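**Student:** Pasting the sequence and the predicted model now:
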Amino acid sequence: MSRIGRAPIAIPAGVEVKVGEGNLVTVKGPKGTLERKIHPAMTVKVDAGVVTVERPNDEKQNRSLHGLSRTLIANMVEGVTHGFKKELEVNGVGYRVQKTGKQLVMNLGFSHQVTVDEIDGITIDVPDPNKIVINGIDKQLVGQFAADVRKRRPPEPYKGKGIKYADEVIRRKEGKTGGK
């Protein structure tokens, strides 16, 4: 039995969870509303402030979908109550970021500025010129947007210049040594 799939999801006060036709789960909370279609093999039940996910049998695919479905619903509940946040750091001489309107403008050592538009469901904050904070209620959307921003200039292993996650550790390489 899946340990993750078996665990019930407690619904906090102010959050409403509905299961519609075709296993469409809708979670409404103080920060917004999220919808996700859960695999038809899974059974999602909501009673007495608790969401449970059940599987029909112990086949390999159903076992893996069981934990996945439960985690997706738990992330939706977490997102509408607290939200998700990814922090990025910009390292390098002359590398800096700023927010103008709904655009993130980055100077990353190219001959031109790199701009990224804010999308629906995502808010970008720039507390200082070397830090980017991405907030949203959808965990997958926040992570994907942060990965897209990081992709503009990934950190390089020699000097560590580029955009990295705040908790990421860059493995450094030793450069060339002057030969005799």
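**Tutor:** Done, it's in.

**Student:** Grab the nearest non-local neighbour of the spatially most central residue of the chain.
**Tutor:** For the chain, the residue sitting closest to the mean C-alpha position, by CA atoms, centre = their mean, is Gly143 at 2.9 Å. Of all residues not flanking Gly143 in the chain, Lys86 sits nearest, at 6.6 Å (CB to CB, 6 or more residues apart in numbering). Every C-beta, even on glycine, is put in place using the N, C-alpha and C of the backbone.

**Student:** Tell me, how many residues neighbour the one you found?
**Tutor:** Here the count is done by other CB atoms under 10 Å, and Lys86 has 22 residues near it.

**Student:** Tell me if I am right that it is in a strand.
**Tutor:** Yes: the assignment for Lys86 is a strand, going by DSSP: H, G, I helix; E, B strand; the rest coil.

**Student:** re earlier: in three-state terms, label the residue nearest to the centre of the chain for me.
**Tutor:** Gly143 ends up helix, using three-state DSSP.

**Student:** Where does pLDDT dip in this protein?
**Tutor:** 1-2, 179-180 (pLDDT under 70).

**Student:** need the helices for it, in chain order.
**Tutor:** Taking DSSP state H as the test, the helices found in the chain are 3-6, 60-81, 139-151.

**Student:** Tell me which of the ones you listed sits most buried.
**Tutor:** helix 60-81 (a mean of 19; mean count of other CB atoms under 10 Å).

**Student:** tell me what it is packed against?
**Tutor:** helix 3-6, strand 9-10, strand 24-29, strand 32-37, strand 50-54, helix 139-151 (3 or more CB pairs under 8 Å, 6 or more residues apart in numbering; DSSP states H and E).

**Student:** okay, these in a markdown table with distance to Lys173 next?
**Tutor:** Converted to a markdown table, the helices and strands packed on helix 60-81 look like this (distance: least, CB to CB, whole Å):
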| stretch | distance to Lys173 |
| --- | --- |
| helix 3-6 | 38 |
| strand 9-10 | 44 |
| strand 24-29 | 45 |
| strand 32-37 | 42 |
| strand 50-54 | 45 |
| helix 139-151 | 19 |
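
**Student:** And the nearest residue in space to Pro154 that is not next to it in sequence, how close does it get to Gly14?
**Tutor:** Spatial nearest neighbour of Pro154, excluding adjacent residues (CB to CB, 6+ apart): Gly162 at 5.3 Å. Gly162 sits 40 Å away from Gly14, going by CB to CB, to the nearest Å.

**Student:** So between the two, which is more surrounded?
**Tutor:** Gly162 (20 against 11).

**Student:** List the contacts of the more buried one.
**Tutor:** Neighbour list for Gly162: Val90, Asn91, Gly92, Tyr95, Leu108, Arg153, Pro154, Pro155, Glu156 [criterion: CB atoms under 8 Å, 6 or more residues apart in numbering].
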